[in-house]
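Chemist: predicted coordinates and the sequence they were generated for:
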Amino acid sequence: MLRADPDVLLAEALRLRRAGRLTDAIGVARRLTETDPRRLDGWFVWGTSALAAGKLSEAEQVLGEGALRASPEARVRFLVPRARALTALGRAAEAVAVAREALPGVTQATDFNTLSAVLSQANLPEEALPLSEKAVALDPAASDAWNNLGSLYQFLGRMAEAETAYERAIASGPNAAAHLALARVRKWSATDNHVDRLKTVPLIGPLDEARIAYALFKELDDLGRTDEAWEALTRGATVAKAATGGWDAAQETETVAAWQLSFPPRPYGERAGVRGLTPVSPSPGAGAPPSPTGGEGKKPRRLFIVGLPRSGTTLVERILAAHSHVQALGELQTFGLAVKRASQSPTPHLLDADTVRRSADADPAEIAALYDTETAFLWDGRSRVTIDKLPHNHDYCGLIRRAFPDATIVHVRRDPMDSLFGAYRLLFAHAHKWSYALEDLAAHYDHYRRLMAHWQAGDPAIIDLSLETLIASPESEIRRLLSVCGLPFEPACLSPHEAKGAVATASSAQVRKPINAEGVGVWRRYERGLKPLHDRLQALGYIPSST
């Protein structure tokens, strides 16, 4: 047992942390705070070690305690890592408040970069941008800061500046993420590409190997070298699946079954005719197409855009965000986090069967209140309708309609092969783990379609929108979309590529172009490799036998 000398305890805690023994370091640092609560180093080492160990709730509480005990000048030391912890916990509103409190005292490039990342992840890229610019000005060799700056430029549509920032990130040190981001920023040609450079990039770990493989796929695909591109893509997907731990199909099967059992179809009225964009007239309480006047009081009315990744949800968001009554808030994890909190489920997963079963008994008003509180900092206070565009909110359609009876849900559908290939060709890291193997793509698609059929059987007011129909007849489809969303027609919605606002998704480059058919049928370039996926979807009945 170490003697209770604060200096000895601090030295030992630091030694343990340097050795990677984070749990032991936490224990010694905790003892230091008990021995001498005035020693701020104890609170700092405890909090930052907990953060490094992934003990996020403990980290933010300890760092918050340190901040309370610190002088105004020393408080920033605790606030910056606390903002990181709050971001990782999904408590965006608190993270933003802490970041803003810390900012006046920040002087280090690393802290500017951290706070920029906090604000960017909270969907405040305009506020984050000057912090990233300050970070690279203070430390021009900071590769991660250049990469973050490039991402912000890209989200804001400043593609040439994004390209320059990514190149600076690459020049400043090993950065596979920057290589992948650069590959995605535009289309490359036979005389302007990075294929040879990508083949020589040093790899630090499995995710780096996956990033470079996906970058090679993107540039080789641009060049029409499809055989080489497919080999790079399948290699990257295999590595990504192993590096992220794979996808648990059984857990998702149980979750879908729990939704169906715990949320039986409600008597919203019978569905008439073929589902599409024609406004419906549901029974009272079902949420008829509302007027664009917002919810009760000064709250905006909520509009959720759901579907699969790469199904066209970003394009639909841009169409609606071009309207003067509408504000796009981005892809928010907020609703799922509110459900998890209200359900009081103790499981480690954000969504699983236990969470679903418990959420059936949760108070929808509590979920709505949690959501409103966590998104209030994003609302501009003027827009009557706000968009949450997280595609996999399709999991929560039934709860969304309970929490927000006047909400509009737009379900965007795309040809399954184009949509699934669109997901397969992107590296989502630890998100969408079903996207790294053809058999997993088919299984997840089946889960998604069965769950959406369940929601729509009970709620005919969920709006289905076909991406292919939208591309083929944009004006008529946009007019009808606005109508069923309770929005008057505005010509600006016909030019979504000109809509203001950041686009923080993989579609950030594509949606800066006018509506076009470039992505329709793109999977056919890799038809031979994708045949197992096609055959499985056909066997499941999602693709006609003649296709």
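Modeler: That came through, no problem.

Chemist: CA atoms for contacts and neighbours, from now on please.
Modeler: Will do.

Chemist: okay, which residue is most central for the chain?
Modeler: Geometric centre of the chain, nearest residue: E331, 5.4 Å, by C-alpha atoms, centre = their mean.

Chemist: please name the residues that touch it.
Modeler: 388-391 (C-alpha atoms under 8 Å, 6 or more residues apart in numbering).

Chemist: now do the longest helix along the chain: distance to the chain's middle.
Modeler: If you go by DSSP state H, the chain has its longest helix at helix 438-458. Relative to its chain's centre, helix 438-458 lies at 20 Å (C-alpha atoms, centre = their mean, to the nearest Å).

Chemist: which residues sit against that helix?
Modeler: So helix 438-458 is contacted by 247, 249, 252-253, 256, 259-260, 264-269, 271, 394-395, 397-398, 420, 424, 434-435, 462, 530, 532-533, 536-537, 540 (C-alpha under 8 Å, 6+ apart).

Chemist: repeat that for 6 Å
Modeler: The contact list for helix 438-458, computed with C-alpha atoms under 6 Å, 6 or more residues apart in numbering, reads 265-266, 434-435, 533.

Chemist: out of those residues, which is most surrounded?
Modeler: Among these, the one with the most neighbours (other C-alpha atoms under 10 Å) is S435, at 28 neighbours.

Chemist: isn't it up against L426?
Modeler: No: with contact defined as C-alpha atoms under 6 Å, S435 does not reach L426; the gap is 8.3 Å.

Chemist: can you name the next helix or strand after the helix or strand harbouring R479?
Modeler: Element membership for R479, per DSSP states H and E: helix 474-484. The first helix or strand that comes after helix 474-484 along the chain, using DSSP H and E, is helix 531-540.

Chemist: quick one: contacts of that next one?
Modeler: With C-alpha under 6 Å, 6+ apart as the test, helix 531-540 has contacts from 438, 543.

Chemist: rounded mean pLDDT for it, please.
Modeler: Mean pLDDT, helix 531-540: 97.

Chemist: phi first, then psi, for I305.
Modeler: Dihedral angles phi and psi of I305 (degrees, to the nearest 10) take the values phi -110, psi 120.

Chemist: what about A128, which SS state?
Modeler: helix (DSSP: H, G, I helix; E, B strand; the rest coil).

Chemist: so the nearest residue to it once chain neighbours are set aside versus T48, what's the distance?
Modeler: Computed as C-alpha to C-alpha, 6 or more residues apart in numbering, the closest residue to A128 that is not its neighbour in sequence is S116, at 4.4 Å. Relative to T48, S116 is positioned 19 Å away (C-alpha to C-alpha, to the nearest Å).

Chemist: more neighbours: these two, which one.
Modeler: Each of S116 and T48 has its neighbours counted (other C-alpha under 10 Å); S116 has more, 29 against 25.

Chemist: got the contact list for the more buried one?
Modeler: 128, 131-132.

Chemist: okay, and N148 sits in which element?
Modeler: With DSSP H and E as criterion, N148 is part of helix 143-155.

Chemist: that older thread, residues of the helix holding R479 that come out buried?
Modeler: The neighbour-count check on helix 474-484 (16 or more other C-alpha atoms under 10 Å) flags 474, 477-484 as buried.

Chemist: for that helix, give the mean pLDDT please.
Modeler: 94.

Chemist: off-centre distance for that helix?
Modeler: Taking mean C-alpha positions (C-alpha atoms, centre = their mean), helix 474-484 and its chain are 27 Å apart.

Chemist: again, but for stretch 242-258
Modeler: On C-alpha atoms, centre = their mean, the centre of stretch 242-258 falls 19 Å from the chain's centre.

Chemist: ok, stretch 159-172 next?
Modeler: 23 Å.

Chemist: contacts for that stretch, please.
Modeler: Here stretch 159-172 makes contact (C-alpha under 6 Å, 6+ apart) with 141, 143, 146-147, 150, 153-154, 178, 182.

Chemist: now, the most widely separated pair of these?
Modeler: Farthest-apart pair in the contacts of stretch 159-172 is A141 and Q154; separation 20.4 Å (C-alpha to C-alpha).

Chemist: between those two, which one's more packed in?
Modeler: In this view A141 and Q154 are compared by other C-alpha under 10 Å, and Q154 has more residues nearby, 25 against 15.

Chemist: that one: what's it in contact with?
Modeler: Here Q154 is in contact with A162 (C-alpha under 6 Å, 6+ apart).

Chemist: what distance do you get for it to S71?
Modeler: Distance from Q154 to S71, counting by C-alpha to C-alpha: 38 Å.

Chemist: do L233 as well
Modeler: Distance, L233 to S71, by C-alpha to C-alpha: 52 Å.

Chemist: what about the two, which has more around it?
Modeler: A count of neighbours by other C-alpha under 10 Å puts L233 above the other of L233 and S71, at 25 against 10.

Chemist: no further questions, thank you.
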